[in-house]
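Peer 1: give me a 3D structure for the following:
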Amino acid sequence: MSYSDLVILEEHHRRFTETLGALRKDASARLVFLVDKNGQQIASDGDLGDLDPTSLASLTAGNVAATDGLAKLIGEEEFSILFHEGEHDNLHINVVGGRAILVVLFDERSSLGLVRLRVKKAVSELIAVLEDVAAHTKAQKTATLSASPFTEITDDDIEALFK
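Peer 2: Presented below is the predicted three-dimensional model:
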């Protein structure tokens, strides 16, 4: 099941947002962002300022995809952690459970060590929510399929209709 097939309920979104809020505060970060691997924003916490969230989400997903290509080229499964250091701001990017991407934007008020420490705890919490989302979506799809009047129609039945 791809991530884009998942259905995120309000409860799941609240849990994502709470985890991101705690991470932002604990890591003294400016912004924390959760994105799916297709580049769609899932949740965020912090001040976007003049950042375009759509661009940030899609460029981050593209960055992770390009880095996955590099990893495979040298025989690695993936590089799950990426770090970009700028003059004023830094980006810490972490793949979460193979399904989502966590982005932490921080400046000189924090350090890479603190961010990495706090991200480790947040990732385990985010994985738990992603697993709940996947389980709920699977149960919902199963219930929908079993309730459908078309589940008992076979290919032979369809062929018989058109003869």
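
Peer 1: mind telling me what element L91 is part of?
Peer 2: strand 90-96 (DSSP states H and E).

Peer 1: which helices and strands does that strand pack with?
Peer 2: helix 53-73, strand 81-85, strand 100-106, helix 112-147 (3 or more C-beta pairs under 8 Å, 6 or more residues apart in numbering; DSSP states H and E). Every C-beta, even on glycine, is put in place using the N, C-alpha and C of the backbone.

Peer 1: out of these, nearest to F16?
Peer 2: F16 sits nearest to helix 112-147 of all the helices and strands packed on strand 90-96, at 5.8 Å, using C-beta to C-beta.

Peer 1: the closest one - what's its average pLDDT?
Peer 2: Averaged over helix 112-147, pLDDT sits at 84.

Peer 1: quick one: low-confidence ranges for the chain?
Peer 2: Applying pLDDT under 70 to the chain flags the ranges 1-6, 142-152, 157.

Peer 1: what is the most centrally placed residue in it paired to in the beta sheet?
Peer 2: Nearest to the mean C-alpha position of the chain, counting by C-alpha atoms, centre = their mean, stands A100 at 2.1 Å. When assigned by DSSP bridges, A100 has beta-bridge partners D36, V96.

Peer 1: so it makes contact with Q40?
Peer 2: No. Counting by C-beta atoms under 8 Å, Q40 is not a contact partner of A100; they are 9.8 Å apart.

Peer 1: still on that earlier bit, just list the residues touching the residue nearest to the centre of the chain, thanks.
Peer 2: Shown in contact with A100 (C-beta atoms under 8 Å, 6 or more residues apart in numbering): Y3, L34, V35, D36, K37, I42, L126, L130.
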